[in-house]
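Novice: sharing a model that was predicted from the sequence below.
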Amino acid sequence: MMLGPEAFGGVWKLARRIDDRLAGQEGVLSGQVEMTPAGLLRLAYVETGEFRLGRGPAMQATRRYNWQFTASEVVVTFEDGSAFHKFTPQGCAAGSDHPCGDDYYKVAYDFTRWPNWEAIWTVLGPRKDYTSVSRYIRA
């Protein structure tokens, strides 16, 4: 069963761990995501939280995306509407990859423990080498 916008709408607790192999540090983000209707089959994704890299100071973090649902996938764009990636919201699903300059972002989603779910990003390139695991739990 594919999950639609009604399944994702609302507030989610977010816990993210980042293993930065290039810097030899771990990052942690604790926060929330609010997904609100933003048109037909579309959600605005707003992520806020506190981020800490290694023993550094806590910083406020915010991300905004648009999620557009189609018959078979979710198309994710940046806040300005530029392309980011796509994924199928069911089971374990590899999303489309996202090149960013010389760095390369690869994502996989896991919806097998719905309503809890995960997004796992592996990022490689001359400036980046990390894995980011984000866990979402309904608030």
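Specialist: Looks like it arrived, so ask away. As the structure is a computational prediction, the values presented were derived from the model and not from experiment.
Novice: give the helix, strand or coil label for the residue of the chain most remote from its centre.
Specialist: Distance from the C-alpha centroid of the chain peaks at Arg55, with 23.8 Å (C-alpha atoms, centre = their mean). Taking DSSP: H, G, I helix; E, B strand; the rest coil as the rule, one finds Arg55 in the coil state.
Novice: host element of the residue most central in space within the chain?
Specialist: Among the residues of the chain, the one closest to the centroid is Ala119, at 5.7 Å (C-alpha atoms, centre = their mean). Assigned by DSSP states H and E, Ala119 belongs to strand 117-124.
Novice: direction included, what does that strand pair up with?
Specialist: strand 103-110 (antiparallel), strand 129-138 (antiparallel) (DSSP bridges).
Novice: quick one: it to chain centroid distance?
Specialist: Centre-to-centre, strand 117-124 and its host chain are 8 Å apart (C-alpha atoms, centre = their mean, to the nearest Å).
Novice: cool, and stretch 70-89?
Specialist: That offset, for stretch 70-89, works out to 11 Å (C-alpha atoms, centre = their mean).
Novice: quick one: end-to-end distance for that stretch.
Specialist: Start and end residues of stretch 70-89 are separated by 11 Å (C-alpha to C-alpha, to the nearest Å).
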